[in-house]
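*Asks:* One predicted model, sequence on top.
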Amino acid sequence: MIDPCKLTFDRVIYEDDTKKCSYIGQIDKIKKEKNGIGKEEFSNHCTYIGHWLNGLFCGHGKLYTRAAEESNAGEYSLCYTGEFEDGQMHGFGVLVRYYIPNDTLRKEPKRIVDKFSGQFTKGKPGATGRRIIYQSKYNVETLEGNFINNQLTYQCRPERIEMAVQRAEESQRIAEAVLSEYIRTAPVMR
């Protein structure tokens, strides 16, 4: 359990494989590790905003590649919003993969390629959920059931799928609320 009296709000910049990373958020004064709410920008162009426990993602948060937010042209990007445990996507959440077209005039907007809503286990879509694959504007494939390594292994009862999707969407809303709280409480350091 996190003791709020032991937390301070700070900015930390460090090197990771000779590239700079930065963290802005709550830090345990005694343990000197990330605890509470914070944002970390990694050298691999990923960003995490959400809850931390003992230096790892834990609780609700959002993990995304910068291309998902900055619209870098001609590449795919990912955005996961939901529950984390021990630094990995774990629990219920929504994972969306985008394609950012190579269009310098920005006439064609980024578009969703596929979306998985449901349960995640140790960083991968696992157990029950719904995966929607957008091949084109008019060609959409929906897979529902149990997944292993992002592959549908078998279908299960519709009510079980709906429950998993509803819990994933609720976790997504909570994670977005955490993001809003971070934005509200960290106005000076950004």
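*Replies:* Happy to help now that I have it. Numbering: from 1, shown residues only.

*Asks:* Past the least confident helix or strand in the chain by mean pLDDT, which element shows up next along the chain?
*Replies:* Within the chain, no helix or strand scores below helix 66-70, which has a mean of 56 by mean pLDDT, DSSP states H and E. Counting by DSSP states H and E, the next helix or strand C-terminal to helix 66-70 is strand 75-85.

*Asks:* Packing partners of the helix or strand that that following strand is followed by?
*Replies:* Per DSSP H and E, the first helix or strand lying C-terminal to strand 75-85 is strand 88-100. Applying 3 or more C-beta pairs under 8 Å, 6 or more residues apart in numbering; DSSP states H and E, one finds that strand 88-100 contacts helix 66-70, strand 75-85, strand 111-121, helix 158-185. Where C-beta positions appear, they are placed from N, C-alpha and C, glycine not excepted.

*Asks:* Compile those into TSV and extend it with columns for distance to residue 58 and mean neighbour count.
*Replies:* Converted to TSV, those look like this (distance: least, C-beta to C-beta, whole Å; neighbours: other C-beta atoms under 10 Å):
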stretch	distance to residue 58	mean neighbour count
helix 66-70	22	16
strand 75-85	6	21
strand 111-121	14	20
helix 158-185	12	16
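
*Asks:* Let me know whether residue 185 touches residue 39 as I believe.
*Replies:* No. In this structure residue 185 lies outside contact range of residue 39 using C-beta atoms under 8 Å: 11.0 Å.

*Asks:* Redo the helices and strands packed on strand 88-100 as JSON lines? Include distance to residue 149.
*Replies:* What follows is the helices and strands packed on strand 88-100, written out as JSON lines (distance: least, C-beta to C-beta, whole Å):
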{"stretch": "helix 66-70", "distance to residue 149": "22"}
{"stretch": "strand 75-85", "distance to residue 149": "16"}
{"stretch": "strand 111-121", "distance to residue 149": "10"}
{"stretch": "helix 158-185", "distance to residue 149": "17"}
